[in-house]
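Undergrad: My questions are about this predicted structure, shown below with the sequence.
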Amino acid sequence: MEAMERERQRTLEMEEMMQREQEMQQREEEEDQKRRERAERAEQIRREREEAKRKAKEEEKEAGGGGKSNRSGGQGDLNFKGGDPLDHNEGDIDLEPHLKPLLGQAGGNVEKLGLEALRRALTDGTLLVVGVKLWSALHSETWRHREAAA
């Protein structure tokens with residue numbers, strides 16, 4: 001009787017061990033699946049960011065009048081076809097009918113921002129969309145200009 005009891009006990013212990021191993025294996029598989037899903041999500045986000053950057057570059061080229069940016073004289077100045085985008089660009093042309101009356105009501109001329117601030121906005125493409133005048137108004141020291149620009 002004792003031998004049968006011991007044998008039954010060993011069988012139960014073996015079954016418990018096998019069940020624990022199966023549970024561990026199942027947890028590992030679930031963790032692997034989660035890792036794969038996270039990796040896929042990260043890859044998808046990376047692709048979306050690359051696509052967004054590519055589109056932004058294309059839009060910047062289109063907004064720049066089809067011109068290309070050139071670095072000249074080692075100074076890092078950007079020259080675009082159609083004039084200096086740090087002075088006046090397509091964004092100014094597009095927004096002038098809307099912005100001019102609002103700035104007129106707000107008190108007239110907006111002081112142009114410094115070149116460094118305009119260059120930063122040009123680098124990320126913002127300046128070509130909103131124009132020098134709007135960008136300067138948004139960063140003006142005069143609250144009425146900022147309000148009109150908003």
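TA: The structure has been received and is ready for your questions. Numbers count the residues shown, from 1 in each chain.

Undergrad: Closest to the centroid, which residue in the chain?
TA: R49 (6.8 Å; Cα atoms, centre = their mean).

Undergrad: Give me the pLDDT for that one.
TA: Model confidence at R49, given as pLDDT, is 87.

Undergrad: And for L127?
TA: 87.

Undergrad: Okay, and it sits in which element?
TA: In the assignment (DSSP states H and E), L127 maps to helix 126-138.

Undergrad: Surely the residue nearest to the centre of the chain is within a strand?
TA: No. Checked against DSSP: H, G, I helix; E, B strand; the rest coil, R49 lies outside a strand; its state is helix.

Undergrad: Next, work out how far apart it and L128 are.
TA: Separation of R49 from L128 (Cβ to Cβ, to the nearest Å) stands at 21 Å. Where you see a C-beta, it was placed from the backbone N, CA and C, and this is true even at glycine.

Undergrad: N89 too?
TA: 6 Å.

Undergrad: Please tell me I have it right and E60 contacts T123.
TA: No. Assessed by Cβ atoms under 8 Å, E60 is found out of contact with T123, at 9.8 Å.

Undergrad: give me the low-pLDDT residue ranges for this protein?
TA: Residues of the chain meeting the criterion pLDDT under 70: 64-82.

Undergrad: which residue ranges form the strands in it?
TA: Listed in chain order, the strands of the chain (DSSP state E) span residues 70-72, 77-79.

Undergrad: hey, where'd the helices end up in this protein?
TA: For the chain, the helices defined by DSSP state H cover 2-63, 90-106, 115-123, 126-138, 143-149.

Undergrad: Quick one: these as CSV, columns for distance to G83 too.
TA: Formatted as CSV, these follow (distance: least, Cβ to Cβ, whole Å):
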stretch, distance to G83
helix 2-63, 13
helix 90-106, 10
helix 115-123, 13
helix 126-138, 11
helix 143-149, 22
